[in-house]
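Novice: how would this look folded up:
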Amino acid sequence: MSQYSSLRGHFLIAMPHMQDPLFASSLSYICEHDEEGAMGVIINRPLDFDLPSLFSHLDIDADNPAQGPVYGGGPVARERGFILHRQRMDQHWASTVSIGEGLCLTSSLDILEAMAHGEGPERDEVIVALGYAGWGPGQLDAEILRNDWLSCPADLDIMFATPAEQRLQAAATSLGVDLSLLTAHSGTA
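Specialist: Okay, here's the model as predicted:
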């Protein structure tokens, strides 16, 4: 029997010694993690443009646009949008996957069109990201064994209600860890 343990529904906290600039100081929400690999969205890296700018770029008429940042969700498929949001029974989108804990991941344009008209997920219940983070089979597990990451169960208050620049430390604090006190050098005991 496999000793495999999924991190789906967890935060992935970059350790201070993370050298990869794509993931240094990042906090990711893990949407899927199994023997075939892992997929997550970085939730603490707002880009230099906001939702109204995204609607304009996509030529979506916006008469009552949702406000808020757009995040750099990861290095894979940066031209595609991935929307993490709370699941609501009265809303259905063309390409939505329930990822547990009352959360969904939607990648279809219809959710952005609704948000451009003041409909769709509530502003404090959504993260719009371009791109995602992906790991091949066993890759994330190996990185965790190498002490590149900490993980903890996701806290939706941290994800949706905490300012982006405070999310990484807030997630670490939920484990009792102060990242500023950790060394920037990795190793194993």
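
Novice: contacts and neighbour counts: CA atoms only from here.
Specialist: Will do.

Novice: Do you know the pLDDT at G73?
Specialist: For G73, the pLDDT comes out at 97.

Novice: ok, now which ones touch it?
Specialist: G40, V41, I42, I43, R45, F82, A129, L130, G131, Y132, A133 (Cα atoms under 8 Å, 6 or more residues apart in numbering).

Novice: Spell out which residues sit in contact with the residue most central in space within the chain, please.
Specialist: Centroid-nearest residue in the chain: V41, 2.8 Å away (criterion: Cα atoms, centre = their mean). By Cα under 8 Å, 6+ apart, V41 lies in contact with S28, Y29, I30, C31, G73, G74, F82, A129, G131, Y132, A133.

Novice: Just list the residues touching the nearest residue in space to the last one that is not next to it in sequence, thanks.
Specialist: Right, the one you point to is A133. Among residues not flanking A133 along the chain, G74 sits closest, at 4.4 Å (Cα to Cα, 6 or more residues apart in numbering). Neighbouring residues of G74 by Cα under 8 Å, 6+ apart: L22, V41, I42, L130, G131, Y132, A133, G134.

Novice: does F55 really touch A62, like I thought?
Specialist: Yes. Using Cα atoms under 8 Å, F55 is in contact with A62, at 6.9 Å.

Novice: which residues are common contacts for the two?
Specialist: E113, A116.

Novice: and I127, what element?
Specialist: Per DSSP states H and E: I127 is located in strand 126-135.
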